[in-house]
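[1] Quick one, structure for this:
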Amino acid sequence: MRRRQFIVLLGGTATAWSLGVRAQQSALPVIGVLSSASLTGQVSTRFREGLKAGGFVEGQNVKIEFHRASGHYDQLPVLATEMVRRRVRLIVATGGLVSAMAAKAATTTIPILFVSGFDPVKMGLVASYNRPGGNATGVSVYTTELVAKRLELLRELVPSATSIAVLVNQNNAFADVETKDILEAVAQAAGLHLLVLKAGTESEIEAAFASAVQQRADALFVSGDPFFTTRRPLIVALAARHALPAAYPWREYAEVGGLMSYGPNIQDSYYQVGLYAGRILKGEKPAELPVHLPTKFELVINRMTANALGITPSRLMLLRMDKLIP
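    Predicted coordinates for the structure are as follows:
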């Protein structure tokens with residue numbers, strides 16, 4: 001065989017192989033991830049680990065497309081509609097109830113997996129926890145149900161606090177469910193004064209802290225909004241600058257210097273979503289997959305931050321604590 005003919009044949013083989021790979025990749029089932037903010041590296045890794053445990057590896061037998069609103073919650077319906085137009089096999093709605101509701105409004109046929117801090121039955125995402133019905137199921141991380149407990153723990157850690165600043169995202173249409181329906185009732189029963197501070201951008205977060213100091217807040221309560229989670233280094237730094245003892249929903253806050261957190265392990269929740277994604281891709285129906293509930297809630301305290309604020313946790317609190325960060 002002549003050299004030129006061999007090169008042409010080799011080139012044709014390579015092209016055919018490349019086209020074959022592309023065709024194979026285009027035929028892979030697509031998981032569309034609809035995120036109100038953005039998945040952190042650890043959360044994204046745990047989701048992929050759960051997916052792998054269910055028999056699916058990105059790039060081999062499944063494709064993952066990320067659609068991020070980056071804090072602009074009004075873009076979620078547009079992104080969800082685009083995913084439906086692209087006929088993804090499954091929508092994973094991350095970053096709270098806002099994403100789940102946008103996905104639910106966009107389709108009644110494509111399976112939806114959500115991670116929500118609100119009661120999914122009350123909010124109409126599913127018919128019941130055990131038999132979701134419809135096309136959605138997922139993980140309920142009990143954010144709203146734990147509000148009272150987290151406020152109680154903050155008071156135990158800072159017993160002198162009577163005025164509590166509450167940071168909520170004004171761009172989240174469901175923020176009032178947490179503040180008006182739960183926090184205000186708990187605060188009234190405990191004789192506390194709440195200062196509700198609304199912020200939807202980084203500059204507004206800084207302004208909210210300035211307002212908390214101006215109004216002489218004794219402590220800070222940060223809601224479980226995903227926009228705040230992605231801005232946790234900023235929020236923790238501002239709390240330290242203004243010497244405000246603060247309670248957070250996830251241990252990731254305490255790990256970057258936040259005083260205290262109480263809630264489920266959010267990374268484990270995304271692992272569970274990955275497992276469910278694998279089961280759905282294999283043919284199971286969301287209607288028959290029970291909404292997963294966390295079985296363990298972590299109390300985490302950052303000792304260095306507590307020392308800087310002159311706070312000494314009680315012996316009882318130390319005994320109940322799951323992790324003490326040096």
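
[2] Helices of the stretch 101-250 of the chain, residue ranges please.
    Using DSSP state H, counting those that start in this stretch, the helices found in the stretch 101-250 of the chain span residues 147-157, 175-178, 184-190, 202-214, 226-230, 232-241.

[3] worst average pLDDT in the ones you listed?
    Per-stretch mean pLDDT for these is lowest at helix 175-178 (a mean of 73).

[4] quick one: low-confidence ranges for this structure?
    For the chain, the stretches with pLDDT under 70 are 1-26, 39-42, 143-145, 178, 180-181.

[5] okay, the helices of the stretch 101-250 of the chain, which one's buried deepest?
    Of all the helices of the stretch 101-250 of the chain, helix 226-230 has the most neighbours on average by mean count of other Cβ atoms under 10 Å, namely a mean of 23. (Each C-beta comes from the backbone N, C-alpha and C, glycine too.)

[6] what's next to that one, contact-wise?
    Helix 226-230 is contacted from outside by 35-38, 40, 71, 94-96, 167, 169, 171-172, 200, 205, 222, 235, 249-250, 252-253, using Cβ atoms under 8 Å, 6 or more residues apart in numbering.

[7] one step back: closest to Ala127 out of the helices of the stretch 101-250 of the chain?
    helix 175-178 (19.7 Å; Cβ to Cβ).

[8] what's in contact with that closest one?
    So helix 175-178 is contacted by Phe118, Thr143, Thr144, Val147, Val168, Asn169, Lys198, Ser223, Gly224, Asp225 (Cβ under 8 Å, 6+ apart).

[9] any idea how far Leu154 is from Ser163?
    According to Cβ to Cβ, to the nearest Å, Leu154 and Ser163 sit 12 Å apart.

[10] what do these two both touch?
    Here Leu154 and Ser163 have Ala219 as joint contacts, going by Cβ under 8 Å, 6+ apart.

[11] among the contacts of helix 226-230, which are in strands?
    Ser35, Thr94, Leu167, Val222 (DSSP state E).

[12] before we move on, back to that, quick one: closest of the helices of the stretch 101-250 of the chain to Ile325.
    Ile325 lies closest to helix 232-241 among the helices of the stretch 101-250 of the chain, at 12.0 Å (Cβ to Cβ).

[13] quick one: that closest one to helix 202-214, angle?
    20 degrees (axes from the mean of the first three to the mean of the last three Cα atoms, to 10 degrees).

[14] Only the C-alpha atoms, please, for helix 232-241, written as CSV.
    Extracted in CSV, the C-alpha atoms of helix 232-241 (Å, rounded to 0.1, in the frame of the first residue of the first chain):
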residue,chain,number,x,y,z
ARG,A,232,-20.8,32.2,53.1
PRO,A,233,-17.1,33.4,53.2
LEU,A,234,-18.4,37.0,52.9
ILE,A,235,-21.2,36.5,55.4
VAL,A,236,-18.9,34.8,58.0
ALA,A,237,-16.3,37.6,57.5
LEU,A,238,-18.9,40.3,58.1
ALA,A,239,-20.2,38.6,61.2
ALA,A,240,-16.6,38.5,62.5
ARG,A,241,-16.0,42.1,61.6
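
[15] what's that helix packed up against?
    Judged by 3 or more Cβ pairs under 8 Å, 6 or more residues apart in numbering; DSSP states H and E, the packing partners of helix 232-241 are helix 202-214, strand 246-248, helix 251-255.

[16] Given the second one, what are its sheet partners and their directions?
    Strand 246-248 has its sheet partners listed here by DSSP bridges as strand 219-222 (parallel), strand 260-263 (parallel).

[17] which residues are contacting the first one?
    With Cβ under 8 Å, 6+ apart as the contact definition, strand 219-222 has outside contacts at 150-151, 154, 158, 161, 163-167, 183, 212, 228, 235, 239, 244-249, 253.

[18] By neighbours, which of the ones in strands among the contacts of helix 226-230 wins?
    In terms of neighbours by other Cβ atoms under 10 Å, the ones in strands among the contacts of helix 226-230 top out with Thr94 at 27 neighbours.

[19] Surely that residue touches Ile112?
    No: using Cβ atoms under 8 Å, Thr94 is not in contact with Ile112; the gap is 11.2 Å.

[20] what residue is smack in the middle of the protein?
    Centroid-nearest residue in the chain: Gly95, 4.1 Å away (criterion: Cα atoms, centre = their mean).

[21] Nearest residue to that residue in space, ignoring adjacent ones along the chain?
    Ser36 (3.3 Å; Cβ to Cβ, 6 or more residues apart in numbering).

[22] measure that neighbour to Ala189 for me?
    Using Cβ to Cβ, Ser36 is found at 32 Å from Ala189.

[23] what's the answer for His72, then?
    36 Å.

[24] what do you get for Ala306?
    27 Å.

[25] do Ile112 as well
    Distance, Ile112 to Ala189, by Cβ to Cβ: 36 Å.

[26] need the strands for the stretch 51-200 of the chain, in chain order.
    Along the stretch 51-200 of the chain, the stretches classed as strands by DSSP state E, counting those that start in this stretch are 63-68, 90-94, 112-116, 136-140, 163-168, 193-198.
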